[in-house]
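Participant: Provide a 3D model corresponding to the input given below.
(4 chains)
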There are 2 protein chains.
Amino acid sequence: MTLARIAGELGVSAMTVSNAYNRPDRLSGALRERIFETADRLGYNGPDPVGRSLRRQRTDVVGVLYSNPLSYAFDDPAAVSFLRGLSSVTEGADLGLLLVPAASGASGGRDPRAAAQAAVDGFVVYSMSDEEPLLTAALGRGLPTVVVDQPARQGVPFVGVDDEGAASEAAGHLLELGHEGFGVVSFALSPDGREGIADPGRQEGAAFQVSRSRLRGYRSAVEAAGLPWSGVSVFECPGSAATLGHRAAGALLSSKRRPTAILSTSDQLALGVLAAAEELGLSVPEDLSVVGFDDVSPGAVPPLTTVRQDHEEKGSLAGRMLVSLLRGEDVPEPRRLPTRLVVRGSTAPPRWPVPAS
Amino acid sequence: MTLARIAGELGVSAMTVSNAYNRPDRLSGALRERIFETADRLGYNGPDPVGRSLRRQRTDVVGVLYSNPLSYAFDDPAAVSFLRGLSSVTEGADLGLLLVPAASGASGGRDPRAAAQAAVDGFVVYSMSDEEPLLTAALGRGLPTVVVDQPARQGVPFVGVDDEGAASEAAGHLLELGHEGFGVVSFALSPDGREGIADPGRQEGAAFQVSRSRLRGYRSAVEAAGLPWSGVSVFECPGSAATLGHRAAGALLSSKRRPTAILSTSDQLALGVLAAAEELGLSVPEDLSVVGFDDVSPGAVPPLTTVRQDHEEKGSLAGRMLVSLLRGEDVPEPRRLPTRLVVRGSTAPPRWPVPAS
DNA sequence: CTGAAAGCGCTAACAT
DNA sequence: ATGTTAGCGCTTTCAG
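Facilitator: Just a heads-up that it's a prediction; the model follows:
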C-alpha cells in the first residue's frame, strides 16, 4: 500500500494524500476524513518512513556509537545512566535513538562501516580511543556529532569532565590522610588488550584520553607532595570489570612494597580491589585505602570513597547539544561538567603513620 | 556526494560503483581500488543508507517499543537486562536497535503514530497493556513483531513467563510457612493511574495481562489452602517505583487486620514495602514476610525472597525469534521461560502461629 | 566483468 | 484547496 494507491482509489493526487498526513491545513477537513477512511480500509499506515526520509533528507534518528559491543553498555551503570539522560532528551525532541551495531573485528576495533550505514541525522559518540576508526568514519559523514568523554578534538562538540583535576583531587585526599605508598589500578590505556604494569612511557602514550588524564592527575598530586612517581606502580587492566580490578590489586598488594592506598580509575575496578583486599585478609580502610571513580556503586562494602560525576546529566547535555546542532544552531562550546570527591568509608589514614622523609 | 558522481568522475556506470561496495566479486580488483580511491578523494562515504533502504525494502533495524517514556527503561533493572540480551542478539545479526520515541499523550497512552513512522524491519514490543494503541499500530504495520511479557495474543510471537504459576508458587511458600493474613502490593492493573485497593472486579478486568495472571496465581494458592480471597487486600500502585510500594504497604499495614505477609508483583515495589515496614517498626521477616518478583534487587536488606526470572535470556530469545522471522522462517511458537522461587531472608513463619481455623 | 533502464515511496517547489 | 513535475540515492533485473 502506498500513497499513490490511496490517491488513485479516491481520484485525488498523491500530494493531497501526503498533505492529509503532513499538512492538515492544506485540505478540507472532509476530504481529509475520506482519505483516512480509505487508508484505513485498505490497510495503509501512513507515509512510508524510508521514502519520506529519502525525500526530506532527514531521518529524525540519532545514532549512538559505543566503543564496545552494545550489550556491554547495559552492563555498565555509568553507560546506562548516560543513556537515560540522552534518551529523555531525544524522546522529548521526538527523535529515535539508534544503537548502531558495529561488530568488533579481530583487532578489537569496531567495524567502521557501521557508521557509514546508519540512517541517522547525527551521532553521539561515547568514550572512544583517540584514533578509533569508527569515530573517524562517523566524523567523515559530516553529520552533526557530539563526542562524550573522549577524545576531545578541536572543533568537535564535546561533553566530559575534568578528569585530570578530579584525579588529582582524589590522590590529594589520600596524601592528606598521610599515605605515601600508592598503587594505581587503571582501565585500558590502549585498546590492545594489554594487562600488567604500565611504565611511564605507556602511560603518556595512552590512546585513551581519559586514562591519560586521570593518570596525569594522580601523578601531579603525588609529585606536588614531593613523592616520586616512579614509586607508584600503575597496573593496567584490559577492561573495567571487577574481576580485572581484582587481579590487578592482587598483583599490587603482593609486591614487595605494598601500597597503603590504591587509586582506581573506575568504581567497578575498585570493587575488585575491595574483593582482593578481603581475600588477602586486609581490611579496608584500616590496612588499605581505596578510591574509585564515577560513583556508581552505592552498595559497596565499605562504602566507596570516589569521584562523583553526573552521568545522566552528561547524557542529557550531549542530547541537548546534538538537538541544537540538528536545528542548525551554532556549534556549541566543549563542556566539562563538574565532579566532586565523595569521601566515604573506604579511605582512612594509613595504619602506621609513615615518618616524614 | 552520490554514487552517480563517483561513477561520472571515473566514467563508469553507477552500477559498477554500487557493486564495488556490495558485490566485490563482480568487478576487477583494480577497478574496485580506483573506485575507493576516488570515493575517498571526493569524500564519498559509501552508499547512502536511506536510498539503499528504499531500494532494498529493508533497513536492517529492529524497533523497540516500550510502554513508558524511554528513559524509564534505563531505570528499570529488568528492562536493562532485557535490552542487554536483545542487543547482543541484534548486534550479532548486524541489526541496529531503534528505541522508538513515542511521546506520551495526556491519557498516559503512547503516541501510536510512532510505530507508523519508525523505519524498521520489525518490532520488539515490551510489556504493554491489552489494548494499547501503540501496539495495535505496530501490529498494523504487518512487520515481523515479537511481544514480550504481555499481551499474549493468538498468532503473535511471544516470550514471557508463567506468571500465574510463579505467583501461585510464591503464595504457596508463604502458606507453607503458616501465614494466613496476606496483603498484595501490585503494579498497575490498568493504565488509568489509579492508586488504592482494587476489588475483585477490577482485578479480573485488569488491562495488564501480567498483573491479572499474578493476582490469579496468588488467589488460586490462597483459595486452595481454604482461605477466602475476600480476606486479601490488593493495593494497586500506578507504577512500580519503590516509593509507590512504600505507600501501598503503609496502607496495608495500618489496616485493622494487618497482614503477616505481603506479596508484591515486583522487586522494586517490595523494596518499598521493606522501607515501610522499617518505618513502622516492624522487622522483616519476624513481624512481616515479604515476597518480591523478578529477582533484580541483590542489595536488599534483608535479602529478598522472590521469583527469579532470566530477563537477559528473555531479551535474547525475543531477539532470536525476531531474527528468524526476518529471515522468513516460520512464525515461532509462543514461549514461556521458566521461573524459580528463590527463598532468602525476607520470609519466615508468622511470629505467633495462627490457630488452624 | 560491466552497463542501461526502471522504479522503490515520498514531498519540495511551483502551478492552478 | 488541490494538482503537476521532478527527483531524493540507490539497486534489481535483464542485457551484453
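
Participant: where in chain A is pLDDT low?
Facilitator: Within chain A, the set of residues satisfying pLDDT under 70 comprises A:353-357.

Participant: show me the strands in it, by range?
Facilitator: Under the criterion DSSP state E, chain A carries strands at the ranges A:61-66, A:96-99, A:122-126, A:145-148, A:158-161, A:182-186, A:196-197, A:233-236, A:261-264, A:289-291, A:306-309, A:335-337, A:339-342.

Participant: save those strands as a markdown table, and put in distance to B:Arg214 too.
Facilitator: All C-beta spots, glycine's among them, are computed from the backbone N, C-alpha and C. Formatted as a markdown table, these follow (distance: least, CB to CB, whole Å):
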| stretch | distance to B:Arg214 |
| --- | --- |
| strand A:61-66 | 34 |
| strand A:96-99 | 31 |
| strand A:122-126 | 37 |
| strand A:145-148 | 40 |
| strand A:158-161 | 42 |
| strand A:182-186 | 44 |
| strand A:196-197 | 51 |
| strand A:233-236 | 48 |
| strand A:261-264 | 42 |
| strand A:289-291 | 42 |
| strand A:306-309 | 38 |
| strand A:335-337 | 42 |
| strand A:339-342 | 39 |
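
Participant: give me the domain ranges for chain A.
Facilitator: A:3-47, A:61-161+A:310-337, A:163-309 (automatic domain parsing).

Participant: reformat those as CSV; add mean neighbour count and distance to DNA strand C.
Facilitator: Below are the domains of chain A laid out as CSV (neighbours: other CB atoms under 10 Å in any protein chain shown; distance: least, CB to the nearest atom of the strand, whole Å):
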stretch, mean neighbour count, distance to DNA strand C
domain A:3-47, 15, 3
domain A:61-161+A:310-337, 21, 13
domain A:163-309, 21, 36
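
Participant: among the ones you listed, which comes closest to DNA strand D?
Facilitator: With respect to DNA strand D, and counting by CB to the nearest atom of the strand, the nearest of the domains of chain A is domain A:3-47 at 3.3 Å.

Participant: what's the span of the closest one, first residue to last?
Facilitator: When the termini of domain A:3-47 are compared using CA to CA, to the nearest Å, they are 7 Å apart.

Participant: tell me how far it lies from the chain's centre.
Facilitator: Remark: domain A:3-47 is offset 44 Å from the chain centroid, using CA atoms, centre = their mean, to the nearest Å.

Participant: for stretch A:87-98, same thing?
Facilitator: Relative to its chain's centre, stretch A:87-98 lies at 17 Å (CA atoms, centre = their mean).

Participant: just the terminal-to-terminal distance for it.
Facilitator: Length of stretch A:87-98, first residue to last, CA to CA: 10 Å.

Participant: go on, stretch A:235-245?
Facilitator: End-to-end distance (CA to CA), stretch A:235-245: 9 Å.

Participant: over to stretch A:106-120?
Facilitator: Between the opening and closing residues of stretch A:106-120 there is a gap of 27 Å (CA to CA).

Participant: and stretch A:71-81, by the same measure?
Facilitator: 15 Å.

Participant: which residues are contacting it?
Facilitator: A:66, A:83, A:99, A:126, A:240, A:268, A:294, A:296-297, A:311-312, A:315, B:74, B:80-81, B:83-85, B:87-88, B:91 (CB atoms under 8 Å, 6 or more residues apart in numbering or on different chains).

Participant: touching, A:Glu198 and A:Cys237? I think so.
Facilitator: Glu isn't right for residue A:198; it's Ala. No: applying CB atoms under 8 Å as the test, A:Ala198 and A:Cys237 come out as separate, 10.1 Å apart.

Participant: select, out of the strands of chain A, the one closest to A:Leu244.
Facilitator: Nearest to A:Leu244, of all these, is strand A:182-186, at 8.3 Å by CB to CB.

Participant: which ones are touching A:Val342?
Facilitator: A:295, A:305-308.

Participant: coming back round to it: what sits in contact with each of A:Ala198 and A:Cys237?
Facilitator: Taking CB under 8 Å, 6+ apart as the criterion, A:Ala198 and A:Cys237 both touch A:Ser186.

Participant: quick one: contacts for A:Gly85?
Facilitator: Residues in contact with A:Gly85 (CB under 8 Å, 6+ apart) are A:311-319, B:71.

Participant: excluding its backbone neighbours, what's nearest it?
Facilitator: Once flanking residues are discounted, A:Gly85 sits nearest to A:Gly315: 2.9 Å by CB to CB, 6 or more residues apart in numbering or on different chains.

Participant: just checking, the one you found touches A:Glu91?
Facilitator: No: checked against CB under 8 Å, the pair A:Gly315 and A:Glu91 is beyond contact range at 12.0 Å.

Participant: so of the contacts of A:Gly85, which ones are in helices?
Facilitator: Counting by DSSP state H, the contacts of A:Gly85 place A:311-319, B:71 in helices.

Participant: tell me how far A:Val148 lies from B:Asp130.
Facilitator: Using CB to CB, to the nearest Å, A:Val148 is found at 39 Å from B:Asp130.

Participant: cool, A:Ala277 as well?
Facilitator: 52 Å.

Participant: same check on A:Gln154?
Facilitator: According to CB to CB, A:Gln154 stands 54 Å off from B:Asp130.

Participant: same question, A:Gly108
Facilitator: 46 Å.

Participant: show me how far stretch A:42-53 is from its chain's centre.
Facilitator: Using CA atoms, centre = their mean, the offset of stretch A:42-53 from its chain centre is 35 Å.

Participant: which residues are in contact with that stretch?
Facilitator: So stretch A:42-53 is in contact with A:1-3, A:5-6, A:9, A:18, A:21-22, A:38-39, A:59-60, A:119, B:50, B:53-54, B:59, B:113, B:116-119, B:137, B:140-142, going by CB under 8 Å, 6+ apart.

Participant: among those residues, which ones are in helices?
Facilitator: Short answer: those in helices (DSSP H) are A:3, A:5-6, A:9, A:18, A:21-22, A:38-39, B:50, B:53-54, B:113, B:116-117, B:137, B:140.

Participant: and the domains of chain A: which comes nearest A:Pro349?
Facilitator: domain A:163-309 (4.6 Å).

Participant: re earlier: turn the contacts of A:Gly85 into CSV, including distance to B:Glu204.
Facilitator: Shown next, in CSV, are the contacts of A:Gly85 (distance: CB to CB, whole Å):
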residue, distance to B:Glu204
A:His311, 43
A:Glu312, 40
A:Glu313, 44
A:Lys314, 46
A:Gly315, 41
A:Ser316, 42
A:Leu317, 47
A:Ala318, 46
A:Gly319, 42
B:Ser71, 33
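
Participant: how about the residues of the stretch 1-150 of chain A by DNA strand D?
Facilitator: Counting by CB under 7 Å from any atom of the strand, the residues of the stretch 1-150 of chain A close to DNA strand D are A:11-16, A:19, A:25-28, A:31, A:54-55, A:57.

Participant: tell me which of the residues you listed is nearest to A:Ser211?
Facilitator: A:Gln57 (39.1 Å).

Participant: in contact with the residue in the stretch 201-350 of chain A positioned nearest to chain B, which residues?
Facilitator: Closest contact between the stretch 201-350 of chain A and chain B, by CB to the nearest CB, is at A:Gly299 (4.2 Å). If a contact means CB under 8 Å, 6+ apart, then A:Gly299 has B:298-299 as its contacts.

Participant: can we see that at 10 Å?
Facilitator: Going by CB atoms under 10 Å, 6 or more residues apart in numbering or on different chains, A:Gly299 touches A:271, B:298-301.

Participant: out of these, list just those in helices.
Facilitator: Mapping the contacts of A:Gly299 onto helices (DSSP H) picks out A:Leu271.
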